[in-house]
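S.K.: this one's structure only:
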């Protein structure tokens, strides 16, 4: 093991200590409250990609988002891993929203658009993406730019995932009985912004644009600040 | 009710915009750098629990940690989902550390300790019950001496240990270690009561040696079927 590797590891543990101190200084009751239980409103199904950390990009806090992340945010009805997460979130935690979020420059989409074999178990995992590519060959092949084609496949994959969720019996039940909403989004790693694909059951209009300016500002103010780690240490920015 | 639902979804987009603004203010090239690719040093395998957000608890920024989260941070050998994540992180991203992180007060662990039929969750929780069976004597002793809560905590720790071993049993990790001397596999437990991570101090090299008699996958299978 190189000395650099050991340092990276210790750095992460040190960062945690700073974060825990910062959080409990900012909100003294936070961890005691968290220890009593969770009641997240959102289930996030996203890609494992390091550039798409859900709680960070959403500006939310511990306790807000229940999370499943896998390679290329693929939803397969027979994948017991993601199904267990979804059932737990919907049936036991009763989340109000499910967000499936794909992203630009996704390695899984890139691999599905290539003819090369990835090797190991990944080819089997991304087989549903390959099937989507074939089913949408005309639309995808018409796009000459590789990056844009990968974004299009990411969008198609999100829509397919949303459809798969809306066909799951316990989700259908929650939609019917308590108005669970399923959303599809794509995140652009080149600018940090999420786009609502408006493909779920939240209505064609979506919900992001319906609120007034005033209300929106108020919500942002409620988000206290940010701890930024990088380089040699940690810095805090208060909004 | 619908007004409330609208608000919580809108909050997300408002927060996302605010986050982008703060990142660009601190470093105008932040997203440009991210768009050029990812080189995370860490793969984090943790619980889906909303109270244990990977980047926040590690104090790491976007681009620094590849993440998989499922119920009770389990790494089943036959699960293509988590196996694909490990393989992608090790073979294609060359991560230096793999962290299996559990947490106390884990709902998945509590469910595995209960005796109820949870439908779709049964096959998943079975992985945790198998961890109990592997450490039955120790867990029963903890229960007799210190009670139920202590046994739950012990199972959280032993589950992390066994899942870390499952990571070590993969061909991707064994081969990468043989060639590059990375990744190192770690086991952590997050304590919700104070927000701190506890390192279980798994001795990676000793664990690797320990599993090799049965699980060694360092050889390559040739097309003719002989191990080379």
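M.R.: Now that the structure is in, tell me what you want to look at. Nothing here was measured: the structure is a model prediction, and the numbers come from that model.

S.K.: check contacts around the closest residue to residue B:162 other than its chain neighbours.
M.R.: For residue B:162, ignoring the flanking residues on the chain, the nearest one in space by C-beta to C-beta, 6 or more residues apart in numbering or on different chains is residue B:131 at 4.8 Å. For the C-beta atoms, the positions are set from N, CA and C on the backbone; glycine is no exception. Going by C-beta atoms under 8 Å, 6 or more residues apart in numbering or on different chains, residue B:131 touches B:155, B:158-159, B:162.

S.K.: any of the residues you listed buried? List them.
M.R.: Among these, those buried by neighbour count (16 or more other C-beta atoms under 10 Å in any protein chain shown) are B:155, B:158-159, B:162.

S.K.: mind jotting down where the strands sit in chain A?
M.R.: A:42-47, A:65-70, A:97-103, A:181-188, A:193-196, A:225-230, A:233-238 (DSSP state E).

S.K.: in CSV: those, plus distance to residue B:136.
M.R.: CSV is the format used below for those (distance: least, C-beta to C-beta, whole Å):
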stretch, distance to residue B:136
strand A:42-47, 34
strand A:65-70, 30
strand A:97-103, 38
strand A:181-188, 41
strand A:193-196, 47
strand A:225-230, 41
strand A:233-238, 43
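
S.K.: that older thread, among the contacts of residue B:131, which lie within helices?
M.R.: Among the contacts of residue B:131, the members falling in helices (DSSP state H) are B:155, B:158-159, B:162.

S.K.: what is the nearest of those to chain A?
M.R.: The nearest member of these to chain A, counting by C-beta to the nearest C-beta, is residue B:159 at 14.9 Å.

S.K.: could you list every residue that touches that closest one?
M.R.: Per C-beta under 8 Å, 6+ apart, neighbours of residue B:159: B:72-74, B:102, B:109, B:128, B:131.

S.K.: re earlier: mind checking which of the strands of chain A is nearest residue B:215?
M.R.: strand A:65-70 (23.8 Å; C-beta to C-beta).

S.K.: return the list of helices and strands in contact with that closest one.
M.R.: Packing partners of strand A:65-70 (3 or more C-beta pairs under 8 Å, 6 or more residues apart in numbering or on different chains; DSSP states H and E): strand A:42-47, helix A:54-57, helix A:80-87, strand B:65-70, helix B:80-87.

S.K.: give me the local confidence score for the spatially most central residue of chain A.
M.R.: By C-alpha atoms, centre = their mean, chain A has its centre lying nearest to residue A:46, at 3.3 Å. You'll see residue A:46 listed with a pLDDT of 98.

S.K.: leaving out sequence neighbours, find the closest residue to residue B:216.
M.R.: residue B:174 (7.0 Å).

S.K.: same thing with residue B:125?
M.R.: Residue B:125 sits nearest to residue B:112 (C-beta to C-beta, 6+ apart), 4.5 Å away.

S.K.: what's the distance between the one you found and residue B:26?
M.R.: 43 Å (C-beta to C-beta, to the nearest Å).
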